[in-house]
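# with the input below, show me the fold.
(one chain, ligands or ions: 2)
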Amino acid sequence: MKVETKISKVNPLNPERDILMEAAKLIREGHLVAFPTETVYGLGANGLDEAAAAKIFEAKGRPQDNPLILHVSSIEEVEPLVESISHESEKLMDRFWPGPLTILFKRSSLIPDIITAGLDTVAIRMPSHPIAKELIRLSGVPIAAPSANTSGRPSPTLASHVIEDLYGKIHMIIDGGSTGVGLESTVLDLTGEVPIILRPGGVTLEDLQEIIPNVEEDLSIIADSEDIVPRSPGQKYRHYAPKADMIVFSGQLPNMVRAINAKAAEYIKDGKKVGIMATDETKDEYKAGIIISMGSRKRKETIAQNLFNTIRLLDGEGVDIILSEGVELSHIGTAIMNRLKKASGGKIIKV
Ligand code: AMP
Ligand code: MG
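Ligands and ions are numbered 1, 2, ... in the order given. Okay, here's the model as predicted:
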């Protein structure tokens, strides 16, 4: 169904209340609104309205078995949505909310099946972005919001990415500039014996270990092969994929640069257009291709911030193949490598 998409610019530091009131009204009426969060842009709908949530799946082309995260504006809003709140989750909410940590709880009967894809758990997060927080508060309902992209495409970190994917399919896009973290939230399962990270994100393993030392990562996050089936439904799909083919390199920096230069030369000889995802430390060492630095290796947060936009920029250049440097698997680096692995369909070359 074609709908008229209104695009409204909002100041992320001091959001214009009238625009957010209008957006909140659309949410309450069962429509879709895209808005910035501190992770990526979200595609929001009333999380207690089955028909509204169904529109998210339709607009994104999202598989029905991939559950949605509910977004709240205060810790008190969690209670009616869950069966119980453990001491552990209380400590984690106190420490990391608002922020990029999604926690799984046993769900209450208030939540429509479509949100949880029929599972008995529900994923909940309280975002810190002023626009997201105020929009949820004004809506007066939990907002179901996956990333505001077409399923499978790189997640949106700018309003222009949302426009590219969803213009004409949703009622409103709130343009609040670029998002902060640039990668989706960490998803943490606290419903089993041991806390498990199902998806790495802005809150890292090392951060979580300070509160829950026994936390583990789902095997599929750290495994080299794509053979281990992830526990989280969403993690089993090809994600964040560019239109171009993509190969990721991991290893010592000089080895990566050498291998990427060699691979680029091969592709160029075959008449292919090559894009290279480099870093500030290496960008001058590449001999050919369209070279974009994602940021400095000294501040991996910058690399996270620029990752999805870099993939979209290279797609915009019409490259046939993207060759990307990898980063070490620690702190935010684990989340960066997880997204690169998915974007490349598991094509990681160790050098
Ligand atoms: P997105 O909102 O597109 O960033 O995706 C949400 C992620 O959270 C996906 O990987 C989902 O599979 C995961 N998720 C949401 N709810 C649950 C749940 N109840 N159990 C396991 N994973 C979940
Ligand atoms: Mg997504």
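# residues of this structure that sit close to ligand 1?
66-67, 69, 104, 116, 119, 121-123, 146-147, 184, 187, 198-199, 232-235 (Cβ under 6 Å from any ligand atom). Where C-beta positions appear, they are placed from N, C-alpha and C, glycine not excepted.
# narrow those to those in helices?
Secondary structure from DSSP state H places residue 116 of the residues of the chain next to ligand 1 in helices.
# and the residue of the stretch 151-300 of the chain that's closest to ligand 2?
Relative to ligand 2, the nearest point of the stretch 151-300 of the chain is residue 155 (5.6 Å; Cβ to the ion).
# ramachandran angles for that residue?
As for residue 155, its main-chain torsions (degrees, to the nearest 10) stand at phi -70, psi 150.
# and residue 95, how many neighbours?
Counted with other Cβ atoms under 10 Å, residues neighbouring residue 95 total 15.
# next one: it from residue 279, what distance?
From residue 95 across to residue 279, the span is 31 Å (Cβ to Cβ, to the nearest Å).
# cool, residue 345 as well?
Distance of residue 345 to residue 279, computed by Cβ to Cβ: 22 Å.
# which of those two has more residues huddled nearby?
Neighbours per residue, other Cβ under 10 Å: of residue 345 and residue 279, the larger number sits with residue 279, 22 against 14.
# with adjacent residues omitted, what lies nearest to the more buried one?
Residue nearest to residue 279 in three dimensions, not counting chain neighbours: residue 297, with 5.1 Å by Cβ to Cβ, 6 or more residues apart in numbering.
# the one you found: what secondary structure?
coil (DSSP: H, G, I helix; E, B strand; the rest coil).
# and the residue of the stretch 201-350 of the chain that's closest to ligand 1?
Nearest residue of the stretch 201-350 of the chain to ligand 1, counting by Cβ to the nearest ligand atom: residue 234, 2.4 Å away.
# contacts only, for that residue.
Contact analysis of residue 234 by Cβ atoms under 8 Å, 6 or more residues apart in numbering lists 66-67, 199.
# burial of residue 84, as a residue count?
So residue 84, with other Cβ under 10 Å, has 9 neighbours.
# distance-wise, check it relative to ligand 1.
16 Å (Cβ to the nearest ligand atom, to the nearest Å).
# which SSE is that residue in?
Using DSSP states H and E, residue 84 maps to neither a helix nor a strand.
# ok, stretch 94-109 near ligand 2 or not?
No - if you take Cβ under 5 Å from the ion as the test, stretch 94-109 misses ligand 2, and the best it gets is 11.8 Å.
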